[in-house]
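Chemist: Turn this into a structure:
(2 chains)
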Amino acid sequence: MKIRLLPENVYSLIAAGEVIDRPASVVRELIQNSIDAESSQITLALENGGKRLISVIDDGIGMDEGDLKIAPFKHSTSKIATADDIHRILTYGFRGEALNSISLVSDFEMESCSKDESEGHSIKIHFGENESVEPSAVTKGTSITTRDIFANMPGRLRFLKSDNVEYNYCEKEFMNLAMANPEVSFKLISDGRVVYNLKQGSLEKRILEIKGEEFLKNSITVNYFNSNIRVYGFVGKPSIYDNKRFSFSHVFVNKRFVIYPQIKRAVYLPFGSQLNRHFTPYMIFIEIDAKEVDVNIHPAKKEVRFFREDQIFSTVSLSVRESMRYHEISSENEAQEPDNMTISRTIDNPESFVKDSSLFSDLDYALSQKHSESRVQEYSRFWQFNDSYILINLKEKIYFIDQHAAHERIMFERVMKENERISSQQLLFPFIVRLSSELYEFYEANKSNMEKWGFTVREFDKMKILVEGIPSAITEGFEQSDFIEFLSEVHSTGSSMRAEEVSKIIACKAAIKAGKKLKISEMEDLFNQLFLCENPYSCPHGRPTFITFDKEEVGRWFKR
Amino acid sequence: MKIRVDKQEFLKNLNTISSIVPAKPVVTIISNIMIEAKKDVLLFSSTDFEITMHSEMPASVAEDGVIVINAKTIVELVRKLPEGELNISLANDEVSIKSKSGVYKMPVIKKDDYVEISRIEKNKMFNVDSLPIKSAVDNSVFAVSRDAVKVAITGVLLEGAGKNLAFVGTDGHRLALYSIKDIFEKPISNTVIVPPKVLTILRDLIDEVDEFSMGFDEKRIMFKVKNIEVWAKLIEGTFPDYKRVIPTDNNKICIVKKDDLINSLNIVNVFTNPNTRLVKFEIERGKLTINAYQNQTGEGTEYMDVDYEDKEKLVIGFNNNYLLEILKRIETENVKFKFKGEMFAVIIENEISKVDQEAVYIIMPLRLK
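Modeler: Below is the predicted model:
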């Protein structure tokens, strides 16, 4: 066998496949170009998840006729001119491969008009075959349309997934760029329907639109500058507790979305042991001199290498710690204290004991008030601690009841008794929920189950549904975010979706939350209901609902 | 400060003013009240930051002055003192109270350390009758959401339009709308959301008076009842567009004896599922059947004669608690239901409305299996 040099066209096609591996790569490359072209409005249109059509329209600086002719050719770029420039890359694209690669694997059409030109031009390339350059009606910016991607590469084509899956990849790329560039308006249209219409604004506003109010409410803002590194973004508070919805960890370096899981350690360090399941979502933007970072490791530019990695780590950690201090969350691992230090510190606070001795005069005062509610307190054996736990002395034991877990158990057993279907309370003010494409898919597959679970829902628009009724067991505020949470939790239980699992989730949503002040009568009711349950000892997830101390045990505390 | 007051009158004012003082405030300074003596008048002030209250009483003032004192201590003390005159004086940051039987001394707080309390501008107020307002509070507060997730609906919407005033309370499952005609002398146009606590305080204060004055601006609601002034912060937020959800084409009318209906609902309540409180109504010409069923408890059915002319049988489910809460508000002997269909909002009304006041209740059904 002889070793041959590959013909140029074969070699190019292989290289093209390296940059462009699925419709999402086209989306990424084209939007990046649009951002580099100083656009203020970028519209992405997809058909069949990008397999049939991807179109990106911007209002950027555009190209004149001469540029247009050479732009789709190999290693043509406006972004660097000499080998030296490659060490100072601030624009997204620079390798000069993208347009070339895209034009080799699709039916490609590019229209553009530069600011200095009176009329625009268009160029058509049919799977690498240059067809023509013609005058075009476009008056501003650039518009690129690619159709039937990989039609000339059956091997690649076969590896593409369903329209929905490909759409999800495209949406992810779109979102990553939209998050990093809040000063640009972004619009995403899929199969003729507007999915996102993000107006230009602050980073906070953009994140609000993409990640929702709940994430912002439950996160701390990071903003820090140290040794020529700027770090900003959002980190979830330890209290944010969600398994599916907030499971992201985004890192952007000079506005470029990168895969850099190493940073996790630096973000989590200040939280120490406070993190639930050692996880909290974050979104960290790092800005650093282009000379200090190498983005040219990977053709898709998804990986980076820092020349001062230690410095990056310590700056990120410092920025999170600083922000926690600002938000009055106690940070750990500062001076490598042992974990139990924080706990002992709160218990050893003598002041809190002194205050408690005034309990009785407080009660006396409450009695002097004419509110009938406080009068009940006189006869009550129930106390609430931290608005989360109920204390009661019964015979020779003290019961500590976790109000949420206990109520969850009660609700669970009741919901289970509702037989095959859960009844649905219709809402006076129905609300619209926008679902991620993944959840929407799940919803579509389970439309028939929604009624069974006690919801009344209707499709409203692409990716949006109208919730008109909720399980009647849920009496307290149930909003968009709760619905999404419900759906993602059911989704994450896997394919089985047994009635029991769904009942657990509904019970959890319907149960009294920790932190809610209860009336004496409510505590009494909860207590009585709990012990009517078949299994009062644990909540449906297996946590204990109550613990008890008997007099021997209390006696031991006092070394009797 | 040097004053002489009647114990009974002094205690009455202390009680009123301390009713809003929180038992265990986060900022301890507001567990105090302020008493100001000026030209034969005592002015009492207190606040919990959300609500601020003033009251006035005549007194013989020998020397002007201000004391800021722990509400709990002074109320407790004065309550126990014998009837008659009290002599109160202030010297060296210590207040001394002299009764028939003894002398009591308490430290006071510097006036500057207390919260700055502004009084209300009375020119923005207008006089209103208290009777319709009492009804409006009673018939709207009950429907308010007790849950803090949607802040706007944790309050009652007060909507002044022309000379009319409407109270709206809702929790998203039911809604109460109480409209009063011609309550204002001059037309106004203002919409505010008022915390239920404030309305409850107002309700107590106006219980025995015929009229009082009230007013509101963008941030506050104010009212003055005899010698007591209150102003309170409003709830900020957007109240849902309630007019949109009030049905206009509910043509199936059913008239039921209210007390009988309440009785029947109480009976079948035994068999409702405690989670849902689902009761099922089956309505056909002249007849209403109410049914509740729960797996292990059993089943209950009640039959009633009603006034219902529609040819089609209607089957609709409700949360019994919501239904009973609304029925308690019905003032006429008969209650009027207006239906459209099993999945549509239902109107519940007094059979005959008063001339100048109207109560409308909306309840959303439970979907039946």
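Chemist: all contacts plus neighbour counts: C-alpha atoms, from now on.
Modeler: Fine.
Chemist: got any ranges where the chain has weak pLDDT?
Modeler: Unless you meant another one, I'm taking chain A. Residues of chain A meeting the criterion pLDDT under 70: A:1-2, A:4-18, A:74-96, A:241-245, A:273, A:276-278, A:299-301, A:328-380, A:418-421, A:494-498.
Chemist: wait, chain B
Modeler: B:148-149, B:369.
Chemist: Taking it, what residue is nearest to chain A?
Modeler: Taking Cα to the nearest Cα as the measure, chain B has B:Leu366 as its residue closest to chain A, at 4.4 Å.
Chemist: Pull the number of nearby residues for the closest residue to A:Arg22 other than its chain neighbours.
Modeler: Nearest non-adjacent residue to A:Arg22, counting by Cα to Cα, 6 or more residues apart in numbering or on different chains: A:Leu160, 6.9 Å away. A:Leu160 has 15 neighbours, counted by other Cα atoms under 10 Å in any protein chain shown.
Chemist: And for the one 3 residues further on?
Modeler: Neighbourhood size, A:Asp163 [other Cα under 10 Å]: 14.
Chemist: And the residue of chain B closest to chain A, how far from A:Glu468?
Modeler: Using Cα to Cα, to the nearest Å, we find B:Leu366 at a distance of 11 Å from A:Glu468.
Chemist: And what about the residue of chain A found nearest chain B, helix, strand or coil?
Modeler: Proximity of chain A to chain B (Cα to the nearest Cα) peaks at A:Gln425, 4.4 Å away. On the three-state scheme (DSSP: H, G, I helix; E, B strand; the rest coil), A:Gln425 is labelled strand.
Chemist: For it, give its distance to B:Ile30.
Modeler: Note on A:Gln425: its distance to B:Ile30, by Cα to Cα, is 42 Å.
Chemist: returning to that earlier point: out of B:Leu366 and A:Glu468, which sits in the busier spot?
Modeler: Between B:Leu366 and A:Glu468, counted using other Cα under 10 Å, B:Leu366 has the larger neighbour count: 29 against 19.
Chemist: my guess is that one contacts B:Asn319, does it?
Modeler: Yes. At 6.7 Å, B:Leu366 counts as touching B:Asn319 under the criterion of Cα atoms under 8 Å.
Chemist: who does the residue of chain B closest to chain A bridge with?
Modeler: Taking DSSP bridges as the rule, B:Leu366 bridges to A:Gln425, B:Gly317.
Chemist: More neighbours: A:Gln425 and B:Ile30, which one.
Modeler: The residue with more neighbours, out of A:Gln425 and B:Ile30, is A:Gln425; 29 against 23, by other Cα under 10 Å.
Chemist: Contacts only, for A:Ala98.
Modeler: A:Ala16, A:Val19, A:Ile20, A:Val26, A:Glu29 (Cα atoms under 8 Å, 6 or more residues apart in numbering or on different chains).
Chemist: how about TSV for those residues, with neighbour count, distance to B:Val5 and secondary structure added?
Modeler: Listed next are the contacts of A:Ala98 as TSV, based on neighbours: other Cα atoms under 10 Å in any protein chain shown; distance: Cα to Cα, whole Å; DSSP: H, G, I helix; E, B strand; the rest coil:
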residue	neighbour count	distance to B:Val5	secondary structure
A:Ala16	20	95	helix
A:Val19	19	90	helix
A:Ile20	25	90	coil
A:Val26	25	86	helix
A:Glu29	20	84	helix
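Chemist: Let me see the domain layout of chain B.
Modeler: B:2-113, B:122-244, B:246-363 (automatic domain parsing).
Chemist: Out of the ones you listed, the one nearest A:Phe306 is which?
Modeler: Closest of those to A:Phe306 is domain B:122-244, at 44.3 Å (criterion: Cα to Cα).
Chemist: quick one: terminal-to-terminal distance for the closest one?
Modeler: The first and final residues of domain B:122-244 sit 35 Å from each other (Cα to Cα).
Chemist: what's the helix or strand for A:Leu428?
Modeler: strand A:424-434 (DSSP states H and E).
Chemist: now A:Tyr169
Modeler: Taking DSSP H and E as the criterion, A:Tyr169 maps to helix A:163-180.
Chemist: all strands for the stretch 201-350 of chain B, in order.
Modeler: All strands of the stretch 201-350 of chain B, identified by DSSP state E, counting those that start in this stretch, fall at B:211-216, B:220-225, B:228-233, B:252-257, B:278-284, B:287-294, B:298-305, B:307-308, B:314-319, B:334-339, B:346-350.
Chemist: Let's have the ones you listed in CSV, adding mean neighbour count and distance to A:Ile70.
Modeler: Formatted as CSV, these follow (neighbours: other Cα atoms under 10 Å in any protein chain shown; distance: least, Cα to Cα, whole Å):
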stretch, mean neighbour count, distance to A:Ile70
strand B:211-216, 18, 69
strand B:220-225, 22, 67
strand B:228-233, 22, 67
strand B:252-257, 19, 74
strand B:278-284, 23, 72
strand B:287-294, 20, 77
strand B:298-305, 15, 82
strand B:307-308, 18, 81
strand B:314-319, 21, 71
strand B:334-339, 20, 71
strand B:346-350, 23, 69
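Chemist: between those strands, which one is nearest to A:Asn218?
Modeler: Smallest distance to A:Asn218 across those (Cα to Cα): 26.4 Å, for strand B:228-233.
Chemist: Export only the CA atoms of that closest one, formatted as PDB.
Modeler: Extracted C-alpha coordinates of strand B:228-233, given in PDB (Å, rounded to 0.1, in the frame of the first residue of the first chain):
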ATOM      1  CA  ILE B 228     -57.100  58.500  67.100                       C
ATOM      2  CA  GLU B 229     -55.000  58.800  63.900                       C
ATOM      3  CA  VAL B 230     -53.500  56.000  62.000                       C
ATOM      4  CA  TRP B 231     -51.400  55.800  58.900                       C
ATOM      5  CA  ALA B 232     -50.000  52.700  57.400                       C
ATOM      6  CA  LYS B 233     -47.800  51.700  54.500                       C
END
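Chemist: List the contacts of residue 297.
Modeler: Using chain A. When contacts are counted by Cα under 8 Å, 6+ apart, A:Ile297 is found next to A:Glu303, A:Val304, A:Arg305.
Chemist: try chain B instead
Modeler: Applying Cα under 8 Å, 6+ apart, one finds that B:Thr297 lies in contact with B:Phe271.
Chemist: A:Leu487 contacts A:Leu439, doesn't it?
Modeler: Yes. At 7.2 Å, A:Leu487 counts as touching A:Leu439 under the criterion of Cα under 8 Å.
Chemist: Settle it for me: which of those two has more neighbours?
Modeler: When neighbours are counted by other Cα under 10 Å, A:Leu487 and A:Leu439 differ, and A:Leu487 comes out ahead with 21 against 17.
Chemist: Show me which residues of chain B sit near chain A.
Modeler: Residues of chain B found near chain A (Cα under 8 Å from any Cα of the partner chain) are B:19, B:23, B:72, B:76, B:146-150, B:172-174, B:240, B:245, B:273-276, B:294-295, B:343, B:345, B:363-369.
Chemist: ok, now with 6 Å
Modeler: Contact residues (Cα under 6 Å from any Cα of the partner chain) of chain B with chain A: B:Asp147, B:Val149, B:Gly172, B:His173, B:Asn275, B:Thr276, B:Met364, B:Pro365, B:Leu366, B:Arg367.
Chemist: what about burial for the residues you listed, which qualify?
Modeler: For the residues of chain B next to chain A, a neighbour count by 16 or more other Cα atoms under 10 Å in any protein chain shown gives the buried set as B:Gly172, B:His173, B:Asn275, B:Thr276, B:Met364, B:Pro365, B:Leu366, B:Arg367.
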